[in-house]
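A.B. asks: structure, please.
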Amino acid sequence: MPATGGLPPDPGPALMGGMAELEKVRFLLSEAAGRAREVWRGGGSYVARVAAVRAVVPIEAVKWVEEAADLAARAREKFGALAEAMAFDREALEEATPLELARYRAARLGRFDAVADLGCGLGGDLIALAERTRVAGIEIDLGRALLAQHNVRVCVPGAEAIVVRADLRDQPVRVRAAFADPSRRRAGKRVKHPAFGEPPIEEVLAAYAGLDLLAVKCSPLVPPDDVPADSEAEWISLRGEMKECTLWFGSASRPGVRATVLPAGASIEGEPGRPLPPAIAAGEALYRVDAAAIKARLASVLCERTGLAPIDERPAFLTGPCGIEDPFLSAFRVLDRLPARDRALRSALNKLGVGSVTLHKQNFPASGEVLRDRLDGKLRGSRRAHVILTLERGEKAAFLVEPIP
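C.D. replies: Residues are numbered from 1 along each chain as shown. The predicted structure is shown next:
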């Protein structure tokens, strides 16, 4: 962006360089592809849909239409109804931020009159930012730059948003605030430490050291001890599922460690890894600690403000009386203690007349899939039950529970 903070002119044809996937991307963004996707959504058997699409587009494009429909269906989980008008590639969709989370972050960045989305991918965060302020997306991959440009235009009509094909390290725009999303894949494998992203976080920070606010998206697996000391580290979960760690830098950041749960938008802050109260045996209720608080190592904050105690040194569950409400806790009333060994557990559930089980497993030394395989088809009752499998003071433990709304 120019020094005045205004957006640069729309690059238009400047984006149209050469790449192996360019023909496919151009097709996906064409009116013909839009018509073909509508035909595919019309239903009928697979053979009938292929035949109908072949009447609209060349035969070599049918597989692209099928893939586009599949990706749009997958994308509804992240983008809701907007997914129908958007275009995707598979890897970029996997890395894209859910729109609900992107909007949470954009509420903070959107206070600035212009923002850059560095490494904007297919445009998930770009859309959320464009809903609030002027934004320029920077993307080195040509195909994704085209996808992002299309997606922000169809999702936020009239927005002051452009996409520039460039290496974010070249600082192609000038702004006071930015969001950076370095790739977390190398040689087809995911990396958890921001130092191994592409580009590495050190290069991002060097290029944008003077910003008032810079947010860098990282893997949620990055340990609190490994984040830069001058950062504001925020672990974020969405509906109980751990999503990411955002590192905030600049004069508008608040150095420290925070956990946030969405959609509630509630946060806790504190010193990570503070000592927990001594572990005790499970009592009247068990409270599952949200993944964001676990990853940020802030379970002690929850113990202090609720009076609950952990049942193990790895605080997946806290215990205490029923009636404790906290956005970081999911409550379960303890109905009975069960044997934790496979066969004994199965036998106990059969005696209780249980036919199907919802397992809540945390820190239990066996995979959920293996446990379900050992129970599925071997329970003969008609009752539905919830079972917590975890560690209690270092030992395997199982509890028959009921969720408390």
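A.B. asks: close enough to count as contact, I280 and G320?
C.D. replies: No: between I280 and G320 there is no contact under C-beta atoms under 8 Å: 9.1 Å. No exception for glycine: its C-beta is placed from N, CA and C like everyone else's.
A.B. asks: looking at the two, which one has more neighbours?
C.D. replies: Ranked by neighbour count (other C-beta atoms under 10 Å), I280 and G320 place G320 first, with 19 against 16.
A.B. asks: phi first, then psi, for that one.
C.D. replies: Per-residue torsions, G320: phi 160, psi -160 (degrees, to the nearest 10).
A.B. asks: what's near enough to touch it?
C.D. replies: Contacts for G320 (C-beta atoms under 8 Å, 6 or more residues apart in numbering) come out as 283-285, 287, 306-309.
A.B. asks: quick one: stretch 222-241 to chain centroid distance?
C.D. replies: 13 Å (C-alpha atoms, centre = their mean, to the nearest Å).
A.B. asks: give the buried residues for that stretch.
C.D. replies: 222, 224, 227, 231-238 (16 or more other C-beta atoms under 10 Å).
A.B. asks: which two in these are spaced the farthest apart?
C.D. replies: Spatial extent of the buried residues of stretch 222-241 (C-beta to C-beta) is set by the pair S231 and L238 at 21.4 Å.
A.B. asks: which neighbours do I280 and G320 share?
C.D. replies: Common neighbours of I280 and G320 (C-beta under 8 Å, 6+ apart) are A309.
A.B. asks: could you tell me which of the buried residues of stretch 222-241 belong to helices?
C.D. replies: With DSSP state H as the criterion, helices contain none of those.
A.B. asks: I'd say S237 and A291 touch.
C.D. replies: Yes: under the criterion of C-beta under 8 Å, S237 makes contact with A291 at 4.9 Å.
A.B. asks: give me the nearest residue to R374, chain neighbours excluded.
C.D. replies: D342 (5.1 Å; C-beta to C-beta, 6 or more residues apart in numbering).
A.B. asks: for T358, same thing?
C.D. replies: In space, T358 is closest to H386, 4.9 Å off (C-beta to C-beta, 6+ apart).
A.B. asks: ok now the helix or strand hosting that neighbour, how far from the chain's centre?
C.D. replies: Using DSSP states H and E, H386 falls within strand 383-392. Using C-alpha atoms, centre = their mean, the mean C-alpha position of strand 383-392 is found 26 Å from that of the whole chain.
A.B. asks: hmm, back to that, quick one: the residue nearest to R374 from I388, how far?
C.D. replies: Distance, D342 to I388, using C-beta to C-beta, to the nearest Å: 16 Å.
A.B. asks: repeat for E325
C.D. replies: Relative to I388, and taking C-beta to C-beta, E325 is found at 19 Å.
A.B. asks: quick one: buried residues of stretch 87-107?
C.D. replies: 87-89, 92-93, 95-106.
A.B. asks: how about stretch 52-70?
C.D. replies: 52-53, 56-57, 61-62, 64-66, 68-69.
A.B. asks: which parts of stretch 21-39 are buried?
C.D. replies: Result for stretch 21-39 [16+ other C-beta under 10 Å]: buried residues 24-25, 27-29, 33, 36-37, 39.
A.B. asks: and it, what's its mean pLDDT?
C.D. replies: The average pLDDT within stretch 21-39 is 89.
A.B. asks: can you give the contact residues for that stretch?
C.D. replies: Everything outside stretch 21-39 that qualifies as a contact, by C-beta under 8 Å, 6+ apart, is 16, 49, 52-53, 56-57, 61, 64-65, 68-69, 72, 87, 89, 142-143, 146-147, 150.
A.B. asks: among those, which lie within helices?
C.D. replies: 49, 52-53, 64-65, 68-69, 72, 142-143, 146-147, 150.
A.B. asks: make a markdown table from these and add pLDDT to it.
C.D. replies: Below are the ones in helices among the contacts of stretch 21-39 laid out as a markdown table (pLDDT from 0 to 100):
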| residue | pLDDT |
| --- | --- |
| R49 | 90 |
| A52 | 91 |
| V53 | 92 |
| W64 | 92 |
| V65 | 93 |
| A68 | 92 |
| A69 | 91 |
| A72 | 94 |
| L142 | 91 |
| G143 | 91 |
| L146 | 94 |
| L147 | 95 |
| H150 | 96 |
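A.B. asks: tell me which two in those are the farthest apart.
C.D. replies: So for the ones in helices among the contacts of stretch 21-39, where distance means C-beta to C-beta, the most widely separated pair is A52 and L142, at 31.3 Å.
A.B. asks: where does the protein have low pLDDT?
C.D. replies: Across the chain, residues meeting the criterion (pLDDT under 70) sit at 1-20, 185-189, 191-193, 195-196, 367-369.
A.B. asks: domain ranges for it, per the record?
C.D. replies: 30-86, 93-268, 271-405 (automatic domain parsing).
A.B. asks: just name the most buried of these.
C.D. replies: The highest average neighbour count among the domains of the chain, using mean count of other C-beta atoms under 10 Å, belongs to domain 93-268 at a mean of 20.
A.B. asks: ends of it, how far apart?
C.D. replies: 30 Å (C-alpha to C-alpha, to the nearest Å).
A.B. asks: from the chain's centroid, how far away is that domain?
C.D. replies: Worked out by C-alpha atoms, centre = their mean, domain 93-268 lies 12 Å from the chain centre.
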